[in-house]
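[1] Take a look and give me a structure for this.
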Amino acid sequence: MNTEELKKEINEKINQLNDNEVLLSLKNLLNMSDSNLANFLKLANEKLHSEHFSETEDFTGYIKEWVKNM
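    All right, here's what the predicted structure looks like:
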């Protein structure tokens, strides 16, 4: 995806927001320097990524049913 497409997609998402608190947070975020913004987004992305992959599903029930049906 090129830069112009990304900008358009981001603008569309922002235009759909109606929550004043979220909009103020975005404003504050966008007022950061580029390097601070990049660091913040990198850390936020790493946190989301680690939370997503640190979750483990419990397959115990599924395995018990599968063994019972064998």
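[2] For the protein, which residues score under the pLDDT cut-off?
    Screening the chain residue by residue with the criterion pLDDT under 70, one finds the ranges 51-57, 70.
[3] what residues does the lengthiest helix in it touch?
    Taking DSSP state H as the criterion, the chain has its longest helix at helix 34-54. With CB atoms under 8 Å, 6 or more residues apart in numbering as the contact definition, helix 34-54 has outside contacts at 29, 30, 32. C-betas here are computed from N, CA, C, even on glycine.
[4] What of stretch 18-25?
    Contacts to stretch 18-25, defined as CB under 8 Å, 6+ apart, come from residues 14, 17.
[5] re earlier: which one of the contacts of helix 34-54 is nearest residue 59?
    Top of the list for closeness to residue 59, among the contacts of helix 34-54 and by CB to CB, is residue 29 at 38.8 Å.
[6] Please give the element, helix or strand, for the closest one.
    In the assignment (DSSP states H and E), residue 29 maps to helix 20-30.
[7] now that helix, how far from the centre of its chain.
    In terms of CA atoms, centre = their mean, to the nearest Å, the centre of helix 20-30 is set 16 Å apart from its chain centre.
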